[in-house]
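**Student:** could you work out the structure for the sequence below:
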Amino acid sequence: MEDTKDAFVFKGVAERLTLGITRILENMPGVVDVRFAEREPAEKRTLLFWEQKNTCILPEDLRDFYLTTDGFTLTWSVKLDDECVPLGCMMINSVGRLCPLLQPISVFSLTNAPSLADLDWQESSSETGLEPAPSAPHFDSRSRIYELDSCGGNGKVCLVYKNCTPGVVAQHSEIWFLDRSLCWHFLTATFTAYYRLMITHLGLPEWQYAYTPYGPSPQAKINLPSLVSAVPHFHQITPICFAMPSSLLPLYISYLVVIVHCLFLSLLCFMPDVPFPHLSAFAVLYFLFPICNVICKFFSV
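**Tutor:** Here you go, the predicted model:
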């Protein structure tokens, strides 16, 4: 009985963490082997130790995420010619694996050895004649970069603190994508926005490249359509969180009906001298909103 109750509770937690996408994937024909890795919440002392060690304050939404689950892994496959082919992978590193992208330089390394800091160059906007672009992270001490997702070797999604000063605690962070050519691409300003973006794209291969000027690789463009074709109506998959606003539309219309009803009665009772054109306009709205409410309820079913 206890095992059944624990399994039910875990399923509810997984449903909320994945915004309902696990249930949608499991009900899709052609999708198989949907796996969500169960993880214990991170301890507060672990988060405090990470902040003290890296001289950074975790954003509030990422802290709450780690206090719910220490990392995130959701994978799913498609059935193609009686064979399960891995396709989607959504991952957020645990606190223990939220490591700096650039490791400290060893005292035994060569003084003039090349490093990623040598790539930090930026053309002046006055020289190129272009509008200044959002400042990208730097590979030197001006930025503190931590890896959230290795993207299967196709790049890295990073938690980035910019404009850092040595010895000063960094507080403001953003989510950036570092492609295989070591170019930075801005994704979102908050972890919550990135998390919803990841769920929306279902962890498809190289989905982060959709936010680069050149897009996914030719290999991904060739292989992905053949794999997706194994899932009928794949384009209809949408997370529950993005379908909710339309279902709330009748409720909003109902609120408007009540407001217009109160205004109409107020005009009749307390303002008998209102000009007839104004009164007739409210009368039209009074009868029009209930009709709109019925129509919205009909199409939201």
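**Student:** which intervals of the stretch 101-250 of the chain have sub-threshold pLDDT?
**Tutor:** 103-134, 222-250 (pLDDT under 70).
**Student:** the helices in it, which residues?
**Tutor:** Here the stretch 101-250 of the chain has its helices, by DSSP state H, counting those that start in this stretch, at 125-128, 191-200, 218-228, 244-247, 249-270.
**Student:** which stretches of the stretch 51-200 of the chain form strands?
**Tutor:** Using DSSP state E, counting those that start in this stretch, the strands of the stretch 51-200 of the chain run over residues 72-80, 83-92, 144-149, 156-161, 174-178, 184-188.
**Student:** present these as TSV; the columns should include distance to residue 39.
**Tutor:** To be clear about C-beta, it is placed using only N, CA and C from the backbone, and glycine gets the same treatment. TSV is the format used below for the strands of the stretch 51-200 of the chain (distance: least, Cβ to Cβ, whole Å):
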stretch	distance to residue 39
strand 72-80	8
strand 83-92	10
strand 144-149	15
strand 156-161	18
strand 174-178	21
strand 184-188	23
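**Student:** tally of neighbours for residue 63?
**Tutor:** 18 (other Cβ atoms under 10 Å).
**Student:** likewise for residue 177?
**Tutor:** Neighbours of residue 177 under the rule other Cβ under 10 Å: 23.
**Student:** before we move on, what about the one 4 residues further on?
**Tutor:** By the other Cβ under 10 Å criterion, the neighbourhood of residue 181 contains 8 residues.
**Student:** ok, residue 60 next?
**Tutor:** 11.
**Student:** torsion angles phi and psi at the residue nearest to residue 171 when sequence neighbours are not counted?
**Tutor:** Leaving aside its sequence neighbours, residue 171 sits nearest to residue 57 (Cβ to Cβ, 6 or more residues apart in numbering; 4.7 Å). With angles defined as degrees, to the nearest 10, residue 57 sits at phi -100, psi 120.
**Student:** any idea how far residue 167 is from residue 57?
**Tutor:** Separation of residue 57 from residue 167 (Cβ to Cβ, to the nearest Å) stands at 15 Å.
**Student:** who's more crowded, these two?
**Tutor:** residue 57 (14 against 6).
**Student:** show me what contacts that one?
**Tutor:** 51, 169-171 (Cβ atoms under 8 Å, 6 or more residues apart in numbering).
**Student:** how near is it to residue 18?
**Tutor:** For residue 57 relative to residue 18 (Cβ to Cβ), the value is 27 Å.
**Student:** same question for residue 62.
**Tutor:** Counting by Cβ to Cβ, the gap from residue 62 to residue 18 is 17 Å.
**Student:** please apply the same query to residue 49.
**Tutor:** Here the criterion is Cβ to Cβ. By it, residue 49 lies 28 Å from residue 18.
**Student:** next: residue 215.
**Tutor:** Per Cβ to Cβ, residue 215 is found 26 Å from residue 18.
**Student:** between those two, which is the more surrounded one?
**Tutor:** Neighbours were counted for residue 215 and for residue 18 using other Cβ under 10 Å; residue 18 has more, 20 against 12.
**Student:** how close does the nearest residue to residue 184 once chain neighbours are set aside sit to residue 174?
**Tutor:** Leaving out its chain neighbours, the residue that sits closest to residue 184 by Cβ to Cβ, 6+ apart is residue 136, at 4.0 Å. Note on residue 136: its distance to residue 174, by Cβ to Cβ, is 10 Å.
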